[in-house]
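1. What follows is a predicted protein model with its sequence.
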Amino acid sequence: MQINKIKTVSIYSITHLLIDAACIFVLYSTVKFNNLTSSIFAFIIIVLYNTIAFGVQAFIGNIFDRNKKPKICAIIGCLLTISAVLFWRNPIITSILAGFGNAAFHVGGGIICLKLGNKKASIPGIYVAPGAMGLFMGAYSAEKNLLPAYIFIILLSICALLILINKPKIETNQNIKNPIYNKLLLIINMLLLAIIIRSFIGLSITLDWKANISLAFSLTLAVVFGKMTGGIIADKLGWIKTTVSALIISSPLIAFGINNPILFITGIFFFNFTMPVTLTAISNMLNNREGFAFGLTTLALIIGAYPFFAGINLTAKNTLIIFFIVILSAALIYFGLKEYTKISKTK
């Protein structure tokens, strides 16, 4: 990987971690400060934030795909998140600012890293992966009062400056148009449905052992390295072979290992191999619409989260259901990527 790419991906990946950490930190902090921990209002704030953060990225992406200024989008995301930190005592303003800040940064960074990836999954996977660690660090820091809020203001200000002065070597003015394929919409929908399933499984399974901080941290690491490793291996060994094999391996480990942390964490590691591949495939099919493509995948994530918000949880009693849901995800990705491969060869 070229030095310029390494520098750019590092800046956006680290900022991604800090953005997610800051957003969760201020949400937890505002809930605690306003004594909302056990109230329905706290639930509304969390759902409002997630709906904005994940639900509007496709719209933001569509705008910045057109004006070709993803760096500005990422910087706006940093500034909005800083504003959320400044207004952390007001829960509504905080959740709205954090939601739009998170969405804007994800789209801006996503466009740049998808372009840098040159239609491969490795770089997008590296960019997205640190977000899970950011969520863990932000929540833990808020719960234990480990950091003052101004630390995030300083760090995100530095990140915004680095993004401003960094000049990634990417083409942003191409006018290549995708051929019209009858199956294009079907393929995208199959991959989006697989993402919805990944979100649902990741959030809805109840794990009693997550109260152990070491195990919770290990689970987070499995998500991070699963996303990173998945893209790299898939680019080397093949997207279909890697993702489908990973899901088949993960299905019994996740379904039957709910009460066994080692088995479950191993399963989650393989389960997350699919993330960079589905993101990159959808982006490739929507040529020069990287922001919109990134937003579609996050929209799928929030759709998959709503059953969890509605109180639907999966336990060890639902092992067969979980197993078949993961296998369904494997089938969707297999057929979706198989048709995607046919389309790619006809270009």
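-> Looks like it came in fine. Quick caveat: nothing in here was measured; it's all calculated off a predicted structure.
2. Where does the prediction get shaky in the stretch 101-250 of the chain?
-> In the predicted model of the stretch 101-250 of the chain, residues 171-182 satisfy pLDDT under 70.
3. the helices in it, which residues?
-> 122-128, 130-144, 150-165, 184-204, 213-237, 239-256 (DSSP state H, counting those that start in this stretch).
4. Quick check: which helices or strands does the shortest one pack against?
-> If you count contacts as 3 or more C-beta pairs under 8 Å, 6 or more residues apart in numbering; DSSP states H and E, helix 122-128 packs onto helix 3-33, helix 91-117, helix 213-237, helix 274-285. To be clear about C-beta, it is placed using only N, CA and C from the backbone, and glycine gets the same treatment.
5. Contacts for that helix next, please.
-> 1, 5, 9, 12-13, 16, 109-110, 113-114, 116-117, 227-232, 235, 275-276, 279-280, 283 (C-beta atoms under 8 Å, 6 or more residues apart in numbering).
6. What subset of the residues you listed is buried?
-> Among the contacts of helix 122-128, those classed as buried by 16 or more other C-beta atoms under 10 Å are 5, 9, 12-13, 16, 109-110, 113-114, 116-117, 227-232, 235, 275-276, 279-280, 283.
7. any chance of the helices of the stretch 101-250 of the chain in CSV, plus distance to Arg289?
-> Rendered in CSV, the data for the helices of the stretch 101-250 of the chain read as follows (distance: least, C-beta to C-beta, whole Å):
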stretch, distance to Arg289
helix 122-128, 14
helix 130-144, 22
helix 150-165, 22
helix 184-204, 11
helix 213-237, 20
helix 239-256, 20
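8. Quickly compare these and say which is most buried.
-> Each of the helices of the stretch 101-250 of the chain was scored by mean neighbour count; the highest is helix 122-128, a mean of 27, by mean count of other C-beta atoms under 10 Å.
9. With just CA atoms, put that helix into CSV.
-> Only the C-alpha atoms of helix 122-128 are listed here, as CSV (Å, rounded to 0.1, in the frame of the first residue of the first chain):
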residue,chain,number,x,y,z
SER,A,122,-9.4,-4.1,2.3
ILE,A,123,-9.3,-0.3,2.8
PRO,A,124,-13.0,0.1,3.4
GLY,A,125,-12.8,-2.7,6.0
ILE,A,126,-9.9,-1.0,7.8
TYR,A,127,-11.7,2.3,7.8
VAL,A,128,-15.0,1.0,9.2
